[in-house]
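# Here's a sequence, model it:
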Amino acid sequence: MGRLDFPDAAQKLAVVTHIIERSRADDAGAFRELDGSHHPATTAWLQMRDSLQQIVHTSCINLQDTGSALVAIANAYAATDEEAANVFEDKRDNLYAADYTSQLHTAEPVAPRRPGNRAAQ
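So this is what the prediction gives:
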């Protein structure tokens with residue numbers, strides 16, 4: 001999601017931002033009256049267009065930042081998870097090795113115990 005979906009959505013918003021920006025060139029004649037003056041709606045339109053462009057631009061940046069943060073969090077979690085799994089495996093192997101070694105000194109050899117291995121218990 002953070003690696004693909006968020007950057008893809010941010011890219012689409014970047015395109016929209018540029019389309020809105022390019023609309024400035026069309027605004028000069030779009031609201032001109034026949035006598036050359038500007039229509040009263042011109043100011044409101046320009047303010048709305050600029051606000052919309054800013055909102056879309058901010059959303060684009062936020063999506064990029066969110067995607068990057070999700071990737072960083074996932075990578076950190078994976079590294080921590082892998083480290084914890086390695087520590088667990090080492091401790092488990094040491095525990096089974098110690099259990100097996102202690103059983104070697106008994107009169108009757110017994111197979112090492114592992115979770116789920118009921119036949120050897």
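# CA atoms for contacts and neighbours, from now on please.
Fine.
# Does anything pack onto the lengthiest helix in the chain? Which helices or strands?
Determined from DSSP state H, the single longest helix within the chain is helix 41-104. Counting by 3 or more CA pairs under 8 Å, 6 or more residues apart in numbering; DSSP states H and E, the packing neighbours recorded for helix 41-104 are helix 5-22.
# Pull the distance from the helix it packs on to the chain's centre.
18 Å (CA atoms, centre = their mean, to the nearest Å).
# and if you look at stretch 88-96?
34 Å.
# Ok, stretch 45-56 next?
Worked out by CA atoms, centre = their mean, stretch 45-56 lies 28 Å from the chain centre.
# And for it, what's in contact with it?
Leu13, Ala14, Val16, Thr17, Ile20, Glu21 (CA atoms under 8 Å, 6 or more residues apart in numbering).
# please redo it, this time with the cut-off set to 6 Å
Thr17 (CA atoms under 6 Å, 6 or more residues apart in numbering).
# Go through it and flag the buried ones.
Arg49, Gln53, Val56 (16 or more other CA atoms under 10 Å).
# what's the lowest-pLDDT member of those residues?
Lowest pLDDT within the buried residues of stretch 45-56 is found at Arg49 (91).
# What distance do you get for that residue to Glu21?
Separation of Arg49 from Glu21 (CA to CA, to the nearest Å) stands at 9 Å.
# Now do the longest helix of the chain and helix 5-22, the angle between them.
Angle of helix 41-104 versus helix 5-22, following axes from the mean of the first three to the mean of the last three CA atoms, to 10 degrees, is 170 degrees.
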